[in-house]
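Engineer: just to be clear, the model below is a prediction. Sequence and coordinates:
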Amino acid sequence: MMYRIYIDNDMSSETYSTELLYSPDRTELADGHAVYDISIDKELNSAGSAKFTVPVSNKKYGDIEVLRTMVFAYWDASLIWVGRVLSITYDIYRNKMVSCEGCLAFLNDIYIKPFLYGGASTTRTLSQHFSNIIAIYNNRCSQKRVFSSISTDFPDEFLSSDTYKVSGVTSYKTVKEELENLLSVNSSVAMSVVYEGLGMPTLIFAKTPFRTVRNLIKFGRNLLDFNYDNDGSGIFTSVIPLGDDNIVIDDENYAVQSSSLVQKYGVIERTVQLDGVKDRTYLQEAGESIMNAAALGDHPDITIKAVDLCWIDPTSAPEFIEVGDAVPIENPLFEINHYYLCTKISFDFENPADTSYTFSYTGEAIPSHDEYKPPPEHEVTSPAYMKEESSLSNYVLNTEKSIAATEQADVQRPDSISVSSNEVTISYPGYEVTYQADGTGSSRSNVRSSVSVEE
């Protein structure tokens, strides 16, 4: 497994011509392709971000430019992230600390002029409106920022109900703002991208989960780290949906409440603006949908690290987890035995084991163990790097801090690597890390160094 980063800063061309910026390969590092402090976030309904530091010694140091440079991150041969440079900060040694935004942020480049579909009495379904908005964007944006295609898969009620209609756009707003307005209508719809090759990805606007993954994440088996985030800042118990000209459901009863949340937290009101909506019945249905989502949101998000997610072999486990996927998670310490929706992935390029996944509650329980029988190819497998000693050695070399190649920082290197039939031990100065070959876990132990003291 190897991460690489490529760039393209030729905005005058309609075709992509990428050049290597970073590779963990030792030969390429020594040849001027060192980048360090790399982190990349993919997030549902969000553009995501990337950060990295480019030393002066990098061959492409002078090619990194704000807004002009597009960034392409790969995991082996698979494209996993596309974005552009948003800001550059220089340190005292003129190293470039680069911040990037994901390709969904390109939707902020284009504004939509207010319009109505064929007059005040004509409307479109959400799916039709979404397609029209993206067509406006693709027709007006720079050629290299055109989304390759779009994919829509709305819940059945969105396609059949006469109330789920949009009359147009009522005010100047960016394309991204308009799509976020559509997302506020129903919690079961989300926006993301799928990468299929070099260039801009397919834009997805569909019902979640996009798919259900059967790679079970379980405490005591393959769960490495677990954080339970209980934050009340986003909780509300009553919503006031506002349509065009701030029309409400009813002049007397204009709010939709969740009785269970009101009983638990009291009345906490929020408003949501649904532009292009003139139907009061639709406002009622939208309010109920929003409060159903609020009830699910009353459950804390969780952030985890697990062997399956970081070390999975893509050739034997095609269901590598992506944002928008529903994943079964078991942790009896927190009484968790449910499918959770993956909403964010934070890649750690220098230490893939520290890649973390954030999940939100779906309310769907995992079937009993008698019912839950994943196909053999989706069961927990040994980490790919444990298959043979040579691949382990390559892994250790490829995940060292790349800045070591330019001798600009001290990097901890392993003293030795030993492989047996059932475990792998990597010895560092002062401690050892042992990985179980059956994928059941890892352990760390301190090693007392022999020190000579002069009196």
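Structural biologist: Perfect, I can see it now. Numbering: from 1, shown residues only.
Engineer: quick one, grab the pLDDT at T315.
Structural biologist: pLDDT, T315: 45.
Engineer: ok, T303 next?
Structural biologist: Per the predicted model, pLDDT is 88 at T303.
Engineer: wait, what's in contact with it?
Structural biologist: Contacts were defined as C-beta atoms under 8 Å, 6 or more residues apart in numbering; by that measure T303 touches 226-227, 229, 356-359. All C-beta atoms are positioned from the backbone trio N, CA, C, and that covers glycine.
Engineer: cool, and C141?
Structural biologist: 106, 109-110.
Engineer: same thing but 6 Å
Structural biologist: For C141, the contact set (C-beta atoms under 6 Å, 6 or more residues apart in numbering) comprises 109-110.
Engineer: what are the pairing partners of whatever helix or strand T362 lives in, and which direction each?
Structural biologist: Following DSSP states H and E, one finds T362 within strand 356-365. As defined by DSSP bridges, the strand partners of strand 356-365 come to strand 301-306 (antiparallel), strand 336-348 (antiparallel).
Engineer: and those strands, which one averages the lowest pLDDT?
Structural biologist: strand 301-306 (a mean of 82).
Engineer: and stretch 25-32, how far from the chain's centre?
Structural biologist: Taking C-alpha atoms, centre = their mean, to the nearest Å, the mean C-alpha location of stretch 25-32 is offset from the chain mean by 29 Å.
Engineer: now that stretch: buried residues?
Structural biologist: 25, 28-29 (16 or more other C-beta atoms under 10 Å).
Engineer: that older thread, quick one: closest of the strands paired with strand 356-365 to E14.
Structural biologist: Among these, the nearest to E14 by C-beta to C-beta is strand 336-348 (29.5 Å).
Engineer: who's in contact with the closest one?
Structural biologist: Residues contacting strand 336-348 (C-beta under 6 Å, 6+ apart): 40-44, 208-209, 321, 323, 325-330, 354-360, 362, 364-366.
Engineer: separate out the buried members of these.
Structural biologist: Here, 16+ other C-beta under 10 Å leaves 40-44, 208-209, 321, 323, 325-330, 355-360, 362, 366 buried among the contacts of strand 336-348.
Engineer: now the buried residues of stretch 25-32 as a markdown table including secondary structure and distance to L116?
Structural biologist: Formatted as a markdown table, these follow (DSSP: H, G, I helix; E, B strand; the rest coil; distance: C-beta to C-beta, whole Å):
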| residue | secondary structure | distance to L116 |
| --- | --- | --- |
| D25 | coil | 56 |
| E28 | helix | 55 |
| L29 | helix | 57 |
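Engineer: which among those gets closest to E350?
Structural biologist: For the buried residues of stretch 25-32, the nearest to E350 is L29 (12.1 Å; C-beta to C-beta).
Engineer: return the distance of stretch 113-128 from the chain's centre.
Structural biologist: How far stretch 113-128 lies from its chain's middle: 32 Å, per C-alpha atoms, centre = their mean.
Engineer: would you state the helices of the stretch 151-300 of the chain in chain order?
Structural biologist: In the stretch 151-300 of the chain, the helices defined using DSSP state H, counting those that start in this stretch lie at 156-160, 175-183, 259-265, 280-297.
Engineer: mind listing the strands for the stretch 101-250 of the chain?
Structural biologist: Ranges of strands within the stretch 101-250 of the chain are 111-112, 115-116, 124-125, 149-153, 165-166, 168-169, 173-174, 189-194, 202-207, 211-212, 217-218, 223-229, 238-242, based on DSSP state E, counting those that start in this stretch.
Engineer: tell me how many other residues crowd V256.
Structural biologist: 21 (other C-beta atoms under 10 Å).
Engineer: hang on, it packs against V239?
Structural biologist: Yes. Taking contacts as C-beta atoms under 6 Å, V256 lies within contact range of V239: 5.4 Å.
Engineer: joint contacts of those two?
Structural biologist: Common contacts of V256 and V239 (C-beta under 6 Å, 6+ apart): 287, 291.
Engineer: which residues does the strand holding T362 contact?
Structural biologist: With C-beta under 6 Å, 6+ apart as the criterion, strand 356-365 contacts 296, 299, 301-305, 309, 326, 338-346.
Engineer: switch to 8 Å and redo it
Structural biologist: 209, 225, 296-297, 299-306, 309, 321, 326-327, 329, 337-346, 348.
Engineer: ok, back up a step: how about the buried residues of stretch 25-32 in a markdown table, adding distance to I268 and pLDDT?
Structural biologist: Shown next, in a markdown table, are these (distance: C-beta to C-beta, whole Å; pLDDT from 0 to 100):
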| residue | distance to I268 | pLDDT |
| --- | --- | --- |
| D25 | 53 | 86 |
| E28 | 54 | 82 |
| L29 | 53 | 79 |
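Engineer: residue closest to the middle of the protein?
Structural biologist: K42 (2.5 Å; C-alpha atoms, centre = their mean).
Engineer: how about the contacts made by that one?
Structural biologist: Shown in contact with K42 (C-beta under 8 Å, 6+ apart): 48, 80-81, 102, 322-323, 344-345, 347.
Engineer: what's the helix or strand for it?
Structural biologist: strand 36-43.
Engineer: and that strand, average pLDDT?
Structural biologist: Here the average pLDDT along strand 36-43 is 93.
Engineer: in its sheet, what does it sit against?
Structural biologist: strand 49-54 (antiparallel), strand 336-348 (antiparallel).
Engineer: run the angle between that strand and strand 189-194 for me.
Structural biologist: 140 degrees (axes from the mean of the first three to the mean of the last three C-alpha atoms, to 10 degrees).
Engineer: please state the offset of strand 36-43 from the chain centre?
Structural biologist: 10 Å.
Engineer: now stretch 206-215
Structural biologist: 14 Å.
Engineer: ditto for stretch 170-185
Structural biologist: Put simply, stretch 170-185 sits 21 Å off its chain's centre (C-alpha atoms, centre = their mean).
Engineer: how about it: buried residues?
Structural biologist: Neighbour count says stretch 170-185 has 170, 173, 175-179, 181-182, 184-185 buried, by 16+ other C-beta under 10 Å.
Engineer: using CSV, write down the CA coordinates of that stretch.
Structural biologist: Provided in CSV are the C-alpha atoms of stretch 170-185 (Å, rounded to 0.1, in the frame of the first residue of the first chain):
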residue,chain,number,x,y,z
THR,A,170,-35.3,32.9,-5.5
SER,A,171,-32.1,34.8,-4.9
TYR,A,172,-28.5,35.0,-6.1
LYS,A,173,-26.5,32.2,-4.4
THR,A,174,-23.6,29.9,-5.3
VAL,A,175,-24.3,26.4,-6.7
LYS,A,176,-23.0,24.9,-3.5
GLU,A,177,-25.4,27.0,-1.4
GLU,A,178,-28.3,25.9,-3.5
LEU,A,179,-27.4,22.2,-3.2
GLU,A,180,-27.0,22.6,0.6
ASN,A,181,-30.5,24.1,0.5
LEU,A,182,-31.7,20.9,-1.1
LEU,A,183,-29.9,18.8,1.5
SER,A,184,-31.8,20.6,4.2
VAL,A,185,-35.1,19.2,2.9
